[in-house]
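A.B. asks: coords below, sequence missing:
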């Protein structure tokens with residue numbers, strides 16, 4: 001590869017090493033921007049680090065194959081999937097300068113056994129009418145900052161060399177990830193602009209470096225983390241928020257992640273919901289699965305190649321928006337506490353009974369009315385609060401307002417599941433501190449395998465455990481994850497909570513053999529490290545009743561130090577738990593649960609409570625009583641996008657796996673481009689097209705107020721609405 005590319009280096013772009021001199025105005029740049037969201041395919045979830053040139057070239061051929069489905073006579077490329085992108089895993093790890101995978105000119109080095117000729121690969125893509133894409137700032141064998149630091153000579157050599165390679169090799173897409181130090185998006189854009197390259201740029205910093213109305217040095221930007229980790233529901237919700245902030249617009253598209261990857265791909269119902277949602281929000285449609293495998297491609301074909309849905313995605317103009325989320329549960333569903341919008345005035349009010357410590361919910365005249373007196377009810381750690389019939393003898397319905405929090409009073413039965421506390425530290429011995437009270441399961445000094453549990457008067461405490469089963473020097477020890485059973489054997493992650501109290505005063509991990517110590521770097525942190533013979537004072541301990549004392553301080557004549565997990569005492573009569581709005585991968589609400597709260601610290605935002613005698617707010621949100629389990633995703637969602645004058649698309653999604661179909665009505669006043677009079681009635685007939693059914697539905701007459709559809713469990717309806725009777729629905 002190096003020999004073949006050397007022939008092209010006569011055209012190499014030379015750039016001054018001064019960053020100031022290289023930064024051009026974005027207004028003067030020449031890198032093209034796409035008016036429609038890009039469509040294509042990526043190798044990542046298809047092949048990962050096992051990607052090869054042969055697999056890439058086979059995929060190129062499959063993308064233009066018109067015989068995937070007999071009788072269809074269309075290819076993926078025919079319907080718009082024209083980018084074919086090589087992701088991480090191609091590089092010759094540590095084979096270059098300074099342990100990198102770049103040569104002295106800054107050009108990336110490939111594993112030649114798997115990629116014998118990258119030029120041939122790119123040429124093959126072009127021959128098929130595809131646009132090959134490249135990937136930089138890799139995670140696999142992530143590169144350290146080169147000598148001279150950011151913007152130094154070595155750094156600029158890699159930046160210039162990579163742009164030179166991309167342009168000379170003929171790549172037309174560049175994914176800039178966040179795995180190494182080459183994160184200067186302005187500089188990438190400037191160098192590409194100066195090269196006059198025809199390259200579509202992706203900012204893949206998982207929400208980092210978002211655009212504003214005047215700054216967008218890329219064509220698409222990832223709004224959040226990987227879909228396989230956080231799920232596409234979270235990705236769509238975060239992207240919807242970016243759209244609301246006007247951070248997605250023509251030539252600067254907000255991009256949740258790949259539109260078809262192994263998870264949703266396995267379920268056509270799920271894939272249809274995902275594809276509909278991503279299409280209407282004008283998100284780039286980049287597939288990432290093994291299209292060579294017909295057992296994966298064929299079942300998804302009718303979804304991924306639906307040209308009517310794709311036309312909604314590819315229409316010019318503003319992206320579609322998430323207009324509304326709501327719950328549409330029947331009266332038979334239980335009532336939950338929803339922390340939601342305070343603008344809903346029909347949710348009822350709350351009354352606090354000082355005698356019983358109950359919070360009574362007085363329902364408004366709505367279908368949510370419980371029919372009897374109802375009270376806020378806790379279940380346990382991680383369980384959502386419900387509103388159930390009041391029972392004065394129930395320990396799950398007692399609450400205390402104190403210091404900006406709502407505390408659960410005496411509700412947790414002994415032996416209930418443990419919640420998190422904190423990492424271990426060495427603090428001045430003080431028997432009144434509940435975080436210094438420990439129970440060792442076996443007599444100390446005999447090296448018997450034991451666990452060490454925090455003794456608390458108001459709930460079950462956690463046990464010492466090496467976080468993440470780490471074998472590293474300085475591995476954290478805490479009481480965050482409850483108590484594991486004492487293992488039968490030795491070693492392995494099952495033993496990360498097992499300890500031996502030895503005759504020489506050391507405490508060793510059964511899993512790793514490391515010694516518990518007061519870290520000599522700060523004389524405060526209690527973690528594990530390599531054992532020393534003879535053991536130094538910071539690795540020796542004594543058990544004094546319920547306290548475990550370091551011999552370090554007594555050897556120096558200083559105040560005695562004891563193992564402490566920073567557990568704060570609970571307010572009197574409580575379980576140390578308070579109400580908190582649930583956070584799901586950064587999405588706050590609407591569910592509310594109880595969690596361990598540090599009484600000696602100010603409440604977190606999600607724990608802050610205000611109560612004026614009728615309105616109860618948690619985390620700044622009003623607490624409502626509603627049927628059905630709270631979901632940050634609706635579960636019913638209404639999306640809409642204006643396509644052109646008098647024409648709009650609408651998507652209704654049910655994100656709940658219920659046992660019944662839902663009848664959902666949408667006011668026509670909610671849909672853009674549909675004109676209604678002051679009474680909310682349409683001023684003209686509305687033609688309705690079912691995009692998944694590829695069929696016309698009954699026309700809504702002039703004067704119609706609502707559009708009603710049936711949503712099956714996890715179902716999706718995608719529609720095109722037009723004030724005219726036009727029938728050419730294959731175009732946006």
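C.D. replies: Sure, I can see it. If you're wondering where the values come from, they're calculated on a predicted model, not measured in any experiment.
A.B. asks: so what's the residue count around residue 331?
C.D. replies: When neighbours are counted by other C-beta atoms under 10 Å, residue 331 registers 10. Bear in mind the C-beta positions are built from the backbone N, C-alpha and C, glycine included.
A.B. asks: where do the strands of the stretch 151-300 of the chain begin and end?
C.D. replies: In the stretch 151-300 of the chain, the segments counted as strands under DSSP state E, counting those that start in this stretch are 173-176, 200-203, 220-222, 253-255, 285-287.
A.B. asks: in TSV, list those along with distance to residue 429.
C.D. replies: TSV is the format used below for these (distance: least, C-beta to C-beta, whole Å):
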stretch	distance to residue 429
strand 173-176	53
strand 200-203	52
strand 220-222	50
strand 253-255	54
strand 285-287	58
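A.B. asks: output the ones you listed as TSV; include the columns distance to residue 84 and mean pLDDT.
C.D. replies: As requested, the strands of the stretch 151-300 of the chain are exported to TSV (distance: least, C-beta to C-beta, whole Å; pLDDT from 0 to 100):
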stretch	distance to residue 84	mean pLDDT
strand 173-176	8	98
strand 200-203	12	96
strand 220-222	16	97
strand 253-255	17	97
strand 285-287	10	97
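A.B. asks: reformat those strands as TSV; add mean neighbour count and distance to residue 471.
C.D. replies: What follows is those, written out as TSV (neighbours: other C-beta atoms under 10 Å; distance: least, C-beta to C-beta, whole Å):
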stretch	mean neighbour count	distance to residue 471
strand 173-176	25	34
strand 200-203	25	36
strand 220-222	27	33
strand 253-255	27	38
strand 285-287	26	38
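A.B. asks: identify whichever of those lies nearest to residue 645.
C.D. replies: Residue 645 lies closest to strand 253-255 among the strands of the stretch 151-300 of the chain, at 22.8 Å (C-beta to C-beta).
A.B. asks: now the chain, which segments are flagged as low pLDDT?
C.D. replies: By pLDDT under 70, the low-scoring segments of the chain are 1-33, 344-347, 364-372, 380-382, 411-421, 458, 489-491, 553-557, 659, 724-732.
A.B. asks: centre of the chain to the longest helix along it, how far?
C.D. replies: Assignment by DSSP state H gives helix 153-169 as the longest helix of the chain. Chain-centre distance of helix 153-169: 32 Å, with C-alpha atoms, centre = their mean, to the nearest Å.
A.B. asks: by contact count, what packs against it?
C.D. replies: Helices and strands touching helix 153-169, by 3 or more C-beta pairs under 8 Å, 6 or more residues apart in numbering; DSSP states H and E, are helix 2-6, helix 118-127, strand 131-136, helix 185-194.
A.B. asks: list the buried residues for that helix?
C.D. replies: Buried residues in helix 153-169, counted by 16 or more other C-beta atoms under 10 Å: 154-169.
A.B. asks: picking up where we left off before, point out the most buried one among the helices and strands packed on helix 153-169.
C.D. replies: Mean neighbour count (mean count of other C-beta atoms under 10 Å) peaks for strand 131-136 among those, with a mean of 24.
A.B. asks: show the secondary-structure elements that that strand is packed against.
C.D. replies: Counting by 3+ C-beta pairs under 8 Å, 6+ apart, strand 131-136 packs on strand 39-42, strand 83-85, helix 118-127, helix 153-169, strand 173-176.
A.B. asks: of the ones you listed, which is nearest residue 333?
C.D. replies: Using C-beta to C-beta, these put strand 39-42 closest to residue 333, at 40.0 Å.
A.B. asks: hang on, the earlier thing: from the buried residues of helix 153-169, pick the one nearest residue 105.
C.D. replies: Distances from residue 105 to the buried residues of helix 153-169, taken by C-beta to C-beta, are shortest for residue 161, at 4.9 Å.
A.B. asks: what about the closest residue to the closest one other than its chain neighbours, distance to residue 229?
C.D. replies: Leaving aside its chain neighbours, residue 161 sits nearest to residue 106 (2.0 Å; criterion: C-beta to C-beta, 6 or more residues apart in numbering). In this view, residue 106 and residue 229 are 32 Å apart by C-beta to C-beta, to the nearest Å.
A.B. asks: and for residue 661?
C.D. replies: Using C-beta to C-beta, residue 661 is found at 32 Å from residue 229.
A.B. asks: how about residue 505?
C.D. replies: For residue 505, the distance to residue 229 - C-beta to C-beta - is 43 Å.
A.B. asks: those two: who's more crowded?
C.D. replies: Using other C-beta under 10 Å as the criterion, residue 505 and residue 229 rank with residue 505 on top: 17 against 11.
A.B. asks: ok, now which ones touch the more buried one?
C.D. replies: 535, 539, 540, 541, 542, 551 (C-beta atoms under 8 Å, 6 or more residues apart in numbering).
A.B. asks: let's see 7 Å
C.D. replies: 535, 540, 541, 542, 551 (C-beta atoms under 7 Å, 6 or more residues apart in numbering).
A.B. asks: list phi and psi for the residue nearest to the second one when sequence neighbours are not counted.
C.D. replies: Residue nearest to residue 540 in three dimensions, not counting chain neighbours: residue 505, with 3.7 Å by C-beta to C-beta, 6+ apart. For residue 505, the backbone dihedrals are phi 90, psi 0 (criterion: degrees, to the nearest 10).
A.B. asks: next: the one 3 residues further on.
C.D. replies: Taking degrees, to the nearest 10, you get phi -110, psi 150 for the backbone angles of residue 508.
A.B. asks: just checking, it touches residue 517?
C.D. replies: No - between residue 508 and residue 517 there is no contact under C-beta atoms under 7 Å: 10.5 Å.
A.B. asks: mutual contacts of those two, please.
C.D. replies: Common neighbours of residue 508 and residue 517 (C-beta under 7 Å, 6+ apart) do not exist.
A.B. asks: which of the two has more neighbours?
C.D. replies: Neighbour count, other C-beta under 10 Å: between residue 508 and residue 517, residue 517 has more, with 28 against 20.
A.B. asks: next secondary structure after the host helix or strand of that one?
C.D. replies: For residue 517, the element it lies in under DSSP states H and E is strand 515-518. Using DSSP H and E, the next helix or strand after strand 515-518 towards the C-terminus is strand 526-529.
A.B. asks: who's in contact with that following strand?
C.D. replies: Under C-beta under 7 Å, 6+ apart, the answer for strand 526-529 is 424-426, 466, 473-477, 509, 512, 514-519, 563.
A.B. asks: which parts of the stretch 551-700 of the chain are helices?
C.D. replies: Assigned by DSSP state H, counting those that start in this stretch, the helices in the stretch 551-700 of the chain fall at 551-556.
A.B. asks: quick one on the thing from earlier: any idea which of the helices and strands packed on helix 153-169 gets closest to residue 450?
C.D. replies: Using C-beta to C-beta, the helices and strands packed on helix 153-169 put strand 131-136 closest to residue 450, at 49.3 Å.
A.B. asks: pull out the buried positions in stretch 687-705.
C.D. replies: Result for stretch 687-705 [16+ other C-beta under 10 Å]: buried residues 687, 688, 689, 690, 691, 692, 697, 700, 704.
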